[in-house]
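In: whatever this is, show me its structure:
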Amino acid sequence: MGIRSTLAAGLIAGLAWSVPASASSGTASAPFDPAMVHPACFDSLVSQAYTGETALERLPLAGCPGSEIAPDPRQDMMVMVRPPAEPEGNNPGGWSRGWVGSRLVGRFDGDRLVYELVENGGGTGVFSMLLSGRLAAAEGVPVLEDLVLAPAGDRCNGGIHTATRVDGRALDVAQWATPYDLISLILGLAPDDAPDGVPAALGKAAEDLPFCAACCAGTVLLRLDAATLAPHGGAADAPPLPGEVVTVTADGLGEYDDPASRCLARTLIPDGSTDPQAELSLPLERLPGLKAALLSCTTGKSHKK
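Out: Sure, this is the predicted structure:
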């Protein structure tokens, strides 16, 4: 399995699903700014993102329930805080129902829009995803048709760090990765094989390997097709494209003191690095070549303090 196949299976492109529109609806009858869509318009969709199915054939982008709530700008994203649930029991104020955020990544060929969406359901999880759809209109209201939704993950477990338009057909998406994720990529393990494959390869060094949603160790950037949210420029098993990289810092990797993470840092960060906060980007095509050094460290004594 190639590294793009591993990424596609384990990160954003592996979970993408689509809903074709039943019929074309024409064009919007009034001026419309896709960057100003209220986050409430995505609320019904984000809650279904991880189920793999939806009843929506098209998504209205104006006049949505909840759009009377003033959005809260946070960094480059508009966020709608959901009203609390009805009071009950020992919680007279009602339970928090979290929030939903949205940001336009860009407009692409064929009137296709891509949005980055983020949802919090009231707990600690912050789940990000991408939505691609073709801009059309239904009864004069702007809508998205031919929907493709690609869930990413919760914070460090594949959550979106950046999503950037490259050209009319492609976008670059950088997702957060844990030490476990980065080691799995170097070992060439598919997500279904990693739970057994990582301990088998690393032995006792893998016992405390971090994999939590707050355990960010770096990012993995993959170029995606705007229409399908699948790996751009060919099949998932094609060689990585120029610009597809893993990015880490010595400080970031240095937060983890378990044996496997120490070996990961020694494998990715060259000797003599002077700036612990400087970002180091490695082309994805180089990761398989680091396997021998990683295994030599984890199975030997060099991972010990």
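In: count of residues packed around A226?
Out: When neighbours are defined as other CB atoms under 10 Å, A226 has 25 of them. For glycine as for every other residue, the C-beta is placed from the backbone atoms N, C-alpha and C.
In: quick one, helices of the stretch 151-300 of the chain?
Out: For the stretch 151-300 of the chain, the helices defined by DSSP state H, counting those that start in this stretch cover 179-187, 194-202, 250-254, 259-268, 291-299.
In: burial-wise, tell me which of those comes out on top.
Out: Of all the helices of the stretch 151-300 of the chain, helix 179-187 has the most neighbours on average by mean count of other CB atoms under 10 Å, namely a mean of 25.
In: helices and strands around that one, which ones?
Out: Helices and strands touching helix 179-187, by 3 or more CB pairs under 8 Å, 6 or more residues apart in numbering; DSSP states H and E, are helix 3-10, helix 194-202, strand 218-225, strand 245-248, helix 259-268, helix 291-299.
In: adding distance to S67 and mean pLDDT, write those out as JSON lines.
Out: As requested, these are arranged in JSON lines below (distance: least, CB to CB, whole Å; pLDDT from 0 to 100):
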{"stretch": "helix 3-10", "distance to S67": "35", "mean pLDDT": "64"}
{"stretch": "helix 194-202", "distance to S67": "42", "mean pLDDT": "96"}
{"stretch": "strand 218-225", "distance to S67": "29", "mean pLDDT": "96"}
{"stretch": "strand 245-248", "distance to S67": "37", "mean pLDDT": "96"}
{"stretch": "helix 259-268", "distance to S67": "45", "mean pLDDT": "95"}
{"stretch": "helix 291-299", "distance to S67": "50", "mean pLDDT": "95"}
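In: do you know which of the helices of the stretch 151-300 of the chain lies nearest R165?
Out: Between R165 and those, the shortest gap by CB to CB is with helix 179-187, which sits at 25.2 Å.
In: longest strand in the chain, by number of residues?
Out: For the chain, the longest strand by residue count, based on DSSP state E, is strand 141-154.
In: and it, what other elements does it pack with?
Out: With contacts defined as 3+ CB pairs under 8 Å, 6+ apart, strand 141-154 has these neighbours: strand 17-19, strand 59-60, strand 127-138, strand 170-177.
In: go with 7 Å
Out: Secondary structure elements in contact with strand 141-154, counted by 3 or more CB pairs under 7 Å, 6 or more residues apart in numbering; DSSP states H and E, are strand 17-19, strand 59-60, strand 127-138.
In: okay, the angle between the last one and strand 141-154?
Out: Looking back up the chat, that one is strand 127-138. Taking axes from the mean of the first three to the mean of the last three CA atoms, to 10 degrees, one finds strand 127-138 and strand 141-154 inclined to each other by 170 degrees.
In: show me what strand 127-138 packs onto, helices and strands only.
Out: Checking 3+ CB pairs under 7 Å, 6+ apart, strand 127-138 ends up next to strand 112-120, strand 141-154.
In: now with 8 Å, please.
Out: On the basis of 3+ CB pairs under 8 Å, 6+ apart, strand 127-138 makes packing contacts with helix 43-46, strand 59-60, strand 112-120, strand 141-154, strand 160-165.
In: rounded mean pLDDT for that strand, please.
Out: What strand 127-138 shows for mean pLDDT is 96.
In: parallel or antiparallel, which strands does that strand pair with?
Out: Under the criterion DSSP bridges, strand 127-138 sits next to strand 112-120 (antiparallel), strand 141-154 (antiparallel) in its sheet.
In: in terms of mean pLDDT, which of those ranks lowest?
Out: Taking the mean pLDDT of each of the strands paired with strand 127-138, the lowest value is held by strand 141-154, a mean of 94.
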